[in-house]
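1. Here's a sequence, model it:
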Amino acid sequence: MQAKVGVGWADFRASPDQEVRGFVGLNLLYATLVSHNMDEAAEIVSEHEIRKYDRSNILGDYRRWPALAQEALEREASAVDFSDINHVVLCGMGGSAASCDVVREWLDDVDVVVVKDYHLPKWAGGRDLVIAVTYSGNTEETLSCYSEALKRGMPLVTISSGGTIEVSSRKRGVPHNKVSSGLAPRAAFPLLFYTLVEVLRKMDIVCSRRFEEAKSSAKMLDFYSRRIFPEVPLKENISKQVASFIYQEIPKVYGSERIRCAVERFRRMISENGKWHAMSDVLPELCHNEIVSYIIGNPRLRIILMRTKSDPLEISKRFDIVKEIFLKSQHKVMELMPEGSSLLDFIISYFYFLDVATVYLAIKNRQEPAKTENIDYLKERLGRELNYVSKLSL
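-> The predicted structure is shown next:
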């Protein structure tokens with residue numbers, strides 16, 4: 001079935017080639033898949049099920065993303081007075097690191113390095129800017145990098161909602177940017193990302209053209225906020241449709257190297273929000289190894305292709321060819337392409353509607369999306385048995 005809707009269109013077919021295409025514009029139309037009953041899927045994400053399993057109301061946090069972006073963009077940033085920087089070193093973990101990943105891929109004309117570890121690169125020194133991002137303010141890996149930056153005398157800025165890093169920053173005279181508390185770190189993405197943008201703008205690392213791109217990308221949150229939440233029916237809701245496509249199956253997520261951060265974010269949110277397993281890879285690298293596995297069909301696989309309107313011809317052609325390989329080996333494929341006009345628009349759009357899709361997936365899995373029991377257990381054990389933070393010079 002093919003239908004055109006506004007500036008977007010959807011082509012969902014229950015045909016032998018098993019292709020499901022969703023170019024995400026004003027909305028998407030209903031589709032029946034061979035192996036999925038979407039009417040049944042719609043019942044799973046009923047209001048009753050949402051109230052039962054989303055007890056922390058993380059969907060409510062995601063509804064706030066447009067407002068959180070504006071809040072961050074309107075707040076005056078604190079930064080260091082330092083010019084002629086060699087590298088921007090962004091330190092963070094988990095949901096806090098997502099903002100760092102986006103900056104790295106967006107600012108392709110700036111030397112940005114993202115550290116997701118306990119230690120700064122050995123080469124990092126006095127002409128490299130360190131920005132430590134930890135929503136809680138207590139992430140031990142980020143605190144460790146912060147401590148090393150202090151010891152090396154590096155220009156340093158911090159972002160958190162409070163915690164140890166705020167206390168230390170105030171004590172040490174390190175510029176600190178405090179964001180609103182009370183969210184799961186992954187749901188605080190707009191606060192962290194747009195605060196990071198403001199810090200870099202104040203230091204003239206983000207130029208006026210780039211800042212206009214950032215403001216434009218925030219508008220994409222408003223665009224999708226009217227299209228992805230429970231009151232929007234499955235037939236017109238891309239987030240619900242993505243969740244239905246991968247429910248109880250094995251999702252494999254593919255996108256270009258240019259949006260690696262969005263591809264990896266989706267995979268991670270399938271795990272953290274959705275409480276499910278997923279795999280991902282990027283083009284063109286997967287064309288040199290992973291596609292060989294598609295000689296053998298696997299009926300459990302659900303392939304999602306994350307494309308953008310700015311994919312260069314050499315990448316777009318690779319998408320077309322690998323899609324043919326997937327379909328030839330009898331795999332089901334969903335193709336996505338978000339609205340927007342810049343790379344950042346596409347990344348922010350993907351973050352938003354795919355994050356919400358993973359919340360629906362959790363509800364379909366009868367799990368509370370906000371819960372992170374294994375992470376909490378790991379942190380408790382590390383705190384009790386290692387107490388790494390107590391060894392740091394903060």
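2. Tell me which residues of stretch 87-107 come out buried.
-> Buried residues in stretch 87-107, defined by neighbour count with 16 or more other CB atoms under 10 Å: 87-107. The C-beta positions use only the backbone N, C-alpha and C, and glycine is treated the same way.
3. Alpha carbons only: can I get it in CSV?
-> Output in CSV follows, covering the C-alpha atoms of stretch 87-107 (Å, rounded to 0.1, in the frame of the first residue of the first chain):
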residue,chain,number,x,y,z
HIS,A,87,41.0,20.1,20.8
VAL,A,88,37.7,20.0,22.6
VAL,A,89,37.6,17.0,24.9
LEU,A,90,34.1,16.0,26.0
CYS,A,91,33.8,13.6,28.9
GLY,A,92,30.6,11.7,29.7
MET,A,93,29.0,8.4,30.1
GLY,A,94,25.6,6.9,29.2
GLY,A,95,22.8,9.3,28.6
SER,A,96,25.1,12.2,29.4
ALA,A,97,27.6,11.2,26.8
ALA,A,98,24.9,11.2,24.1
SER,A,99,25.1,15.0,23.9
CYS,A,100,28.8,14.8,23.5
ASP,A,101,28.5,12.3,20.6
VAL,A,102,26.1,14.6,18.8
VAL,A,103,28.5,17.5,19.1
ARG,A,104,31.3,15.5,17.7
GLU,A,105,29.4,14.4,14.6
TRP,A,106,27.7,17.8,14.1
LEU,A,107,30.9,20.0,14.4
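4. picking up where we left off before, can you list which of the buried residues of stretch 87-107 are found in helices?
-> Judged by DSSP state H, the subset of the buried residues of stretch 87-107 located in helices is 94-106.
5. What distance do you get for the most centrally placed residue in the chain to Glu380?
-> Computing the C-alpha centroid of the chain and ranking residues by CA atoms, centre = their mean puts Arg265 first, at 3.7 Å. Per CB to CB, to the nearest Å, Arg265 is found 26 Å from Glu380.
6. what about Ser83, how many neighbours?
-> 9 (other CB atoms under 10 Å).
7. Actually, Glu213.
-> So Glu213, with other CB under 10 Å, has 18 neighbours.
8. Check whether it really touches Ile347, as I assumed.
-> No: in this structure Glu213 lies outside contact range of Ile347 using CB atoms under 8 Å: 10.7 Å.
9. Now the residue nearest to the centre of the chain: phi and psi?
-> Main-chain dihedrals, Arg265, degrees, to the nearest 10: phi -60, psi -50.
10. Same check on Ile250?
-> Phi and psi for Ile250, reported as degrees, to the nearest 10, are phi -110, psi 100.
11. Dig out what it forms beta bridges with.
-> Leu301 (DSSP bridges).
12. Over to Ile159?
-> Val133, Asn177.
13. Now do it against Pro121, distance only.
-> Taking CB to CB, one finds Ile159 at 20 Å from Pro121.
14. Mind pulling the model confidence for the residue nearest to Pro251 when sequence neighbours are not counted?
-> Of all residues not flanking Pro251 in the chain, Ala278 sits nearest, at 4.6 Å (CB to CB, 6 or more residues apart in numbering). The model reports Ala278 with a pLDDT of 97.
15. so what's Ala278 up against?
-> Going by CB atoms under 8 Å, 6 or more residues apart in numbering, Ala278 touches 246, 250-253, 266-267, 270-271.
16. try Ile347
-> 102, 105-106, 217, 259, 261-262.
17. ok, now how distant is Cys287 from Arg318?
-> Counting by CB to CB, the gap from Cys287 to Arg318 is 6 Å.
18. Report how many residues lie close to Glu324.
-> Glu324: 12 surrounding residues under other CB under 10 Å.
19. check which helix or strand covers it.
-> Using DSSP states H and E, Glu324 falls within helix 313-328.
20. Let me know the average pLDDT across that helix.
-> Mean pLDDT, helix 313-328: 97.
21. I'd assumed Val199 was in contact with Ser99.
-> No: judged on CB under 8 Å, Ser99 makes no contact with Val199 at a distance of 10.8 Å.
22. could you point out where this protein is predicted with low confidence?
-> Counting by pLDDT under 70, the chain contains low-confidence ranges at 1-44.
23. in it, which spans are strands?
-> Assigned by DSSP state E, the chain shows strands spanning 2-5, 8-12, 19-23, 87-91, 112-115, 128-133, 156-160, 176-178, 250-256, 279-283, 301-306, 332-337.
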